[in-house]
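**Student:** Just need the structure, nothing else, for what follows:
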Amino acid sequence: MTFALLFGGNSFEHEISIVSAITLKDKIKKHTLEFIYIDQNRNMYLVDKQNMKSKYFASGEYKNSQKIEITKGGFKYTKGLLKKDVFLNYDAVINLIHGKDGEDGKLAGILEFFNIKSITPNVEASVISYNKVLTKAYAKEIGVNVIDYEIITEPKSSFDFPIIIKPARLGSSIGVSVVKTQEEFDYAFDVAREFDDLIIAEPFIEGIEEYNLAGCLAGGEFMLSNIEKVEKSDFLDFEKKYMDFSRKNVMLSDVDKDLTERIKKTFKKIYNSTFKNAIIRCDFFVKEGSVYLNEINPIPGSMANYLFDDFDDVLEKLAKNIESEKEVKIDFEYINKIQMAKGK
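**Tutor:** Coordinates of the predicted model:
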């Protein structure tokens, strides 16, 4: 199969998306990839595979690539003196834009509007997972445990430290801080406000265990990855979370069967029909035997390929089972009846 990979975007996580795309270039073996780079001005470029190197984008050389535009049913560019339209051939689009543009629902809406077959969370799922406050509300509604939190709009001094401060609408651990004193809080709050005006605080819990599980629903069957146990640290920081997603050796969880099944059951409850057509990764906390949802990653780094035994197979099965939005038939019956009643 051939996949058109969309990456970049106008996002704080722009460079992470580039690294993610470069990683997938080497990880997807059985399928062909077309690379569509979206720069900070939202111009689209069709990038040759041989140019998929970080320096190519950082230097601005990407502007020498073929410009491409989105249109009904796909992507096209003009060629030759006669400006003939050339349409890009592919089986499905993969949305690999992290953060704003890709995970907040903008791109999902555009792809849906132009009836483009794509592996991406839809608008509703994007909004739910992009905003951590909405994620927690969604989890509670479906009966999934979440860590207590508080929305912060201004600096305050009534916390029981240590706590974690994080922007509500940003991923990749950007702007996230573990805070142990009031002095650290004031600084951490200012840092988080650089990225978002909606900030949340959560208690930092010593000894809590973290597990990651990715997957999707294809043809009525869940395809779940291995469960990864996150190495103990203050929290899963930027480097561990996004600069190390090409790693070959994943720390697979050695947990008992009961906990494994509960994590999988919780994932399925979160995914259900809401996240159809998407490969997501859920980060879970386990505290005193209970499973808590930490975050939903609607477009995980490098699509969490490293967690799957056969990622190519997962992509193929999902692409073949993408559910398209049902088109509404417009027949102007209502207007015609009005006109007939008027005798026109």
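
**Student:** What ranges in the stretch 151-300 of the chain fall below the confidence cut-off?
**Tutor:** Where the stretch 151-300 of the chain drops to pLDDT under 70, the residues are 172, 232-254.

**Student:** Now do the strands in it.
**Tutor:** Secondary structure of the stretch 151-300 of the chain by DSSP state E, counting those that start in this stretch: the strands cover 163-167, 177-179, 199-203, 209-218, 221-224, 228-229, 280-287, 290-297.

**Student:** got JSON lines for the ones you listed, with mean neighbour count and distance to Thr78 too?
**Tutor:** In short, each C-beta sits where N, CA and C put it, glycine included. Formatted as JSON lines, these follow (neighbours: other Cβ atoms under 10 Å; distance: least, Cβ to Cβ, whole Å):
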{"stretch": "strand 163-167", "mean neighbour count": "22", "distance to Thr78": "40"}
{"stretch": "strand 177-179", "mean neighbour count": "18", "distance to Thr78": "48"}
{"stretch": "strand 199-203", "mean neighbour count": "19", "distance to Thr78": "46"}
{"stretch": "strand 209-218", "mean neighbour count": "22", "distance to Thr78": "36"}
{"stretch": "strand 221-224", "mean neighbour count": "14", "distance to Thr78": "39"}
{"stretch": "strand 228-229", "mean neighbour count": "18", "distance to Thr78": "45"}
{"stretch": "strand 280-287", "mean neighbour count": "20", "distance to Thr78": "36"}
{"stretch": "strand 290-297", "mean neighbour count": "20", "distance to Thr78": "37"}
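
**Student:** Between those strands, which one is closest to Val19.
**Tutor:** strand 290-297 (15.3 Å; Cβ to Cβ).

**Student:** List the buried residues in stretch 87-97.
**Tutor:** Buried residues in stretch 87-97, counted by 16 or more other Cβ atoms under 10 Å: Leu88, Tyr90, Asp91, Ala92, Val93, Ile94, Asn95, Leu96, Ile97.

**Student:** repeat for stretch 136-149
**Tutor:** So stretch 136-149, judged by 16+ other Cβ under 10 Å, has buried residues Lys136, Tyr138, Ala139, Val144, Val146, Ile147, Tyr149.

**Student:** And stretch 316-334, by the same measure?
**Tutor:** Glu316, Leu318, Ala319, Ile322.

**Student:** who are the neighbours in contact with Phe57?
**Tutor:** Phe57 is in contact with Gly8, Ile18, Tyr37, counting by Cβ atoms under 8 Å, 6 or more residues apart in numbering.
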